[in-house]
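K.L.:
Next one to model:
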Amino acid sequence: MVSTTIKSALVRALSDLPKDDFLAFCHALRDRRAPPRVPYSRVEDRSAPQIAEQLVSTFTERTAREVTLELLRQIHCNEAAEAMDSTTKACVDKGNPDFRRTSTGKLETKPSLEARRHVAGGGPPRARSPEEAGEGGAAASGWLELSGRSIQFGKYTGQSLKWLLENDVGYVAYLLAEPPGPREQKKDSLIQYAKAYPEVWDEVRIQRGNSRPSKSAVGGGALVGFGVHALATLRGLYGSKDPQKRSYVEFLRKKSSSCDPGSKMDDAVGYILQCDRNKAKRTTRQTTSFSPRAVRERQPGGEGVQSSRRRPPRAPWTK
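P.N.:
Okay, the predicted model is just below:
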């Protein structure tokens, strides 16, 4: 099957327009204010293939697609715009989700209006079979293919992984943070896809922390359990003066946002970061204890100065 290119889709879309609509499109292109502008001489009395060629040479294929969709909607040829958008989406889609953001620029974790409508509306879309969705089948042939796999369980059954990250990151974090269970194997594709986006994985870690005891609860006597220092205890690794072990501790500090929640590495990172926080607190207390005020209060006369302050006289009628 011959794949559709943006240029061929432009030619087809413009050729399918009625004559009046095609003329309206050419006028809208000529009158478009945003740069780069297309001169009137390159639009007048041109055919659909020539206009498509002009669009691509002026804007590049990707931008030509956006400009064409914009102008088609501007002249109220919405059906033609939707058809072209659907035909060419795969040409520009690399499989990465378009994340929603809050007003402060942070990742929006609440469900979108589309997600809420999906849950409140009728039944979910047709769920693809495991073979079609890629669950349990051959490895993904590409990121775009992975992003299009559908989730096979939960309230968004049948929706693509990309759609899921675009519309309800909070639910994704909840699914990946829950303890292992019967549907764990069905999460393989979702885990692979979500781990590519650090912000999403941070939300998973937050959810994991809210749903199980804090990582700081891992005792220092526990074994590292992985890597070259697997047989060392966490306490021994953290407190070691050995340059190799100290280097390894520094390496683990940098893995805070990328290791799997609940893994041995996650426990080790949590222990190291908790030890760092405790050390910082001790340093702060020591600094405070050696402040000029604290030193004066510990001096022999300091206590006496406070105790020698005169108390207000008692009233004559009190004993």
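K.L.:
next structured bit after the stretch of helix or strand residue 205 belongs to?
P.N.:
Using DSSP states H and E, residue 205 sits in helix 198-211. Sequence-wise, the next helix or strand downstream of helix 198-211 (DSSP H and E) is helix 234-239.
K.L.:
Contacts for that next one, please.
P.N.:
Under the contact criterion C-beta atoms under 8 Å, 6 or more residues apart in numbering, helix 234-239 has outside partners 218-224, 229, 245, 248-249, 267-268, 271-272, 275. C-betas here are computed from N, CA, C, even on glycine.
K.L.:
And the average pLDDT for it is what?
P.N.:
For helix 234-239, the mean per-residue pLDDT is 91.
K.L.:
what number of residues lie near residue 157?
P.N.:
Neighbourhood size, residue 157 [other C-beta atoms under 10 Å]: 14.
K.L.:
For it, which three-state class applies?
P.N.:
coil (DSSP: H, G, I helix; E, B strand; the rest coil).
K.L.:
repeat for residue 181
P.N.:
Classified using three-state DSSP, residue 181 is coil.
K.L.:
rewinding a little: pull out the buried positions in the helix holding residue 205.
P.N.:
Buried residues in helix 198-211, counted by 16 or more other C-beta atoms under 10 Å: 200, 201, 203, 204, 205, 207, 208.
K.L.:
So which of those is the closest to residue 285?
P.N.:
For these, the residue nearest residue 285 by C-beta to C-beta is residue 205; the value is 28.9 Å.
K.L.:
Least confident secondary structure element in this protein?
P.N.:
None of the helices or strands of the chain scores lower by mean pLDDT, DSSP states H and E than helix 130-133, at a mean of 37.
K.L.:
can you pull the contacts of residue 95?
P.N.:
Here residue 95 is in contact with 142, 143, 144, 145, 146, 147, 148, 162 (criterion: C-beta under 8 Å, 6+ apart).
K.L.:
repeat that with 6 Å
P.N.:
Residues near residue 95 by C-beta atoms under 6 Å, 6 or more residues apart in numbering: 143, 144, 147.
K.L.:
Now, of the residues you listed, which are buried?
P.N.:
Buried, going by 16+ other C-beta under 10 Å: 143, 147, out of those.
K.L.:
And for residue 183, the neighbour number?
P.N.:
Counted with other C-beta under 10 Å, residue 183 comes out at 12.
K.L.:
again but with residue 227, I slipped
P.N.:
Going by other C-beta under 10 Å, the residues that sit close to residue 227 add up to 14.
K.L.:
do the same with residue 236
P.N.:
By other C-beta under 10 Å, the residues close to residue 236 number 16.
K.L.:
Would you quantify the distance from it to residue 284?
P.N.:
Distance of residue 236 to residue 284, given as C-beta to C-beta, to the nearest Å: 26 Å.
K.L.:
Closest to residue 173 out of the contacts of helix 234-239?
P.N.:
Residue 173 has its nearest neighbour among the contacts of helix 234-239 in residue 267, at 19.3 Å by C-beta to C-beta.
K.L.:
Are we agreed that that closest one is in a helix?
P.N.:
Yes. Judged by three-state DSSP, residue 267 forms part of a helix.
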